[in-house]
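Colleague: Need the 3D shape of this:
(2 chains)
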Protein chains: 2
Amino acid sequence: MNFSSKYLEEAVHAFATLPGIGRKTALRLALHLAQQPAEQSRSFADAVIRMREHIQPCKQCFNLSDGPLCNICSDKRREESVICVVEGIRDVMAIEDTGQYRGLYHVLGGVISPIEGVGPSDLTIDDLVGRVEKGGVKEIIMAISPTIEGDTTIFYLTRKLEGKEVQISTIARGVSFGGELEYADELTLGRSIAARVPYQKNG
Amino acid sequence: MNFSSKYLEEAVHAFATLPGIGRKTALRLALHLAQQPAEQSRSFADAVIRMREHIQPCKQCFNLSDGPLCNICSDKRREESVICVVEGIRDVMAIEDTGQYRGLYHVLGGVISPIEGVGPSDLTIDDLVGRVEKGGVKEIIMAISPTIEGDTTIFYLTRKLEGKEVQISTIARGVSFGGELEYADELTLGRSIAARVPYQKNG
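Modeller: Numbers count the residues shown, from 1 in each chain, chains lettered A, B, ... in the order given. So this is what the prediction gives:
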């Protein structure tokens, strides 16, 4: 790419460091900001700086937070006896968006993956065990992707939590609601049949 | 979306104002920057601010520039007698990337489009006429998209330049190099046949 402005070039490079943003998209975004009124580009940049300055991991659940304790952990109306274990922050947001869950979370920061060099010590597993050992936790819900790495992580976690008085569950797996059966993948469909549940009229 | 951080929410909103960036992508980008080392997020934001502060339209060709005159207009080795008229800055970059053109440019800032409310006065047409009237320009190359709006703009420009001693040309239109003929659209293929040129052995 031939740039007529070195500042434009720097901005394009900056955008191209973002995940999933190629050179062409980076150019489109940078050109947009270059041609906006100055205060608009400024407020865009300020939002990024302010976020990075204030954001921190919640010291209890490792969700992103504006203070030491996130707004879910510090919400007294939430059920403190249930912890939903997830891989990342986006999973917390996805579950919160359902409006179906009123317990707390624990963000692992990924899943165990020997191929990608992620071991148990890279995740917040010890912190989760610590939360259980402090007492008051009745149930741990594993809301982790149904992949080999995810299942390995669940297996590892259940071993770590063995002997502690806590019930462990995983989120239900099966065909998607509203999905066409013929388009479900074989594994999901096969396991959905094997793991069939009694029909409930109001289910 | 349920945000656990209002600063994250603001950053996501900021990203979502960019063209072609939806809420999901905005979240991915903001989360990436939230989890980077502070200096990295800071330098990203700085690149945006610095670009917006320094960038300005070249007073001659309206290309983006770090100074009053862009680096193409101020390059004494370029042919000053040829002006390539383009819609936008990205077209300048695309043509520069070919390495085939050594003249100057003129960025119109769009094409005439009554539907989108863009009239001749919204473009830098008068400035182009001014450049021709100053003298020394031998050829104007219209490198404008072969669309109805583009053709209208070329027509308008040629009318404006009527009577001035300048040769006007348009970039060649036809089937793409390396493209399969059967996949070319009918209009392009039809016009390519109508506008056939004598075969040149070393063409």
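
Colleague: on contacts alone, who are the packing partners of the longest helix along chain A?
Modeller: Scanning chain A for the longest helix, with DSSP state H as the assignment, gives helix A:38-54. If contacts are counted by 3 or more Cβ pairs under 8 Å, 6 or more residues apart in numbering or on different chains; DSSP states H and E, helix A:38-54 sits against helix A:23-34, helix B:6-16, helix B:23-34, helix B:38-54. All C-beta atoms are positioned from the backbone trio N, CA, C, and that covers glycine.

Colleague: right, and those helices - which one's nearest B:Thr170?
Modeller: helix A:23-34 (25.0 Å; Cβ to Cβ).

Colleague: is the closest one anywhere near chain B?
Modeller: Yes. Residues of helix A:23-34 contacting chain B under Cβ under 8 Å from any Cβ of the partner chain: A:25, A:27-34.

Colleague: Identify the residues contacting that helix?
Modeller: With contacts defined as Cβ atoms under 8 Å, 6 or more residues apart in numbering or on different chains, helix A:23-34 is touched by A:1, A:5, A:8, A:11-16, A:18, A:21, A:40-41, A:44, B:18-21, B:48, B:51-52, B:55, B:64, B:89-90, B:93.

Colleague: That one to helix B:38-54, inter-axis angle?
Modeller: Relative orientation of helix A:23-34 versus helix B:38-54 (axes from the mean of the first three to the mean of the last three Cα atoms, to 10 degrees): 60 degrees.

Colleague: May I see the buried residues of helix A:23-34?
Modeller: Residues of helix A:23-34 classed as buried: A:25-34 (neighbour count, 16 or more other Cβ atoms under 10 Å in any protein chain shown).

Colleague: before we move on, what about stretch A:127-143?
Modeller: Here stretch A:127-143 shows A:127-128, A:131-132, A:137, A:140-143 as buried, counting by 16+ other Cβ under 10 Å.

Colleague: of the residues you listed, closest to chain B?
Modeller: A:Ala143 (14.9 Å; Cβ to the nearest Cβ).

Colleague: From A:Pro57, how far out is that closest one?
Modeller: From A:Ala143 over to A:Pro57 the distance is 18 Å, taken as Cβ to Cβ, to the nearest Å.

Colleague: Might you report the residue contacts of A:Tyr138?
Modeller: For the record, residue A:138 is Lys, not Tyr. Contact partners of A:Lys138, counting by Cβ under 8 Å, 6+ apart, are A:81-82, A:166-167.

Colleague: Please repeat the previous calculation with a cut-off of 10 Å.
Modeller: Contacts for A:Lys138 (Cβ atoms under 10 Å, 6 or more residues apart in numbering or on different chains) come out as A:79-83, A:103, A:132, A:165-167.

Colleague: Just those residues: which are in strands?
Modeller: Residues of the contacts of A:Lys138 located in strands (DSSP state E): A:79-83, A:103, A:167.

Colleague: Most neighbours of all these, which one?
Modeller: Neighbour counts for the ones in strands among the contacts of A:Lys138 peak at A:Ile83, which has 23 neighbours (criterion: other Cβ atoms under 10 Å in any protein chain shown).

Colleague: show me the contacts for that one.
Modeller: So, once contact is read as Cβ under 10 Å, 6+ apart, A:Ile83 ends up touching A:60-61, A:103-106, A:128, A:131-132, A:137-142, A:166.

Colleague: Among those, which lie within helices?
Modeller: Secondary structure from DSSP H places A:128, A:131-132 of the contacts of A:Ile83 in helices.

Colleague: could you dump those to CSV with pLDDT and distance to chain B?
Modeller: Output for the ones in helices among the contacts of A:Ile83, formatted as CSV (pLDDT from 0 to 100; distance: Cβ to the nearest Cβ, whole Å):
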residue, pLDDT, distance to chain B
A:Leu128, 97, 18
A:Arg131, 96, 17
A:Val132, 96, 22
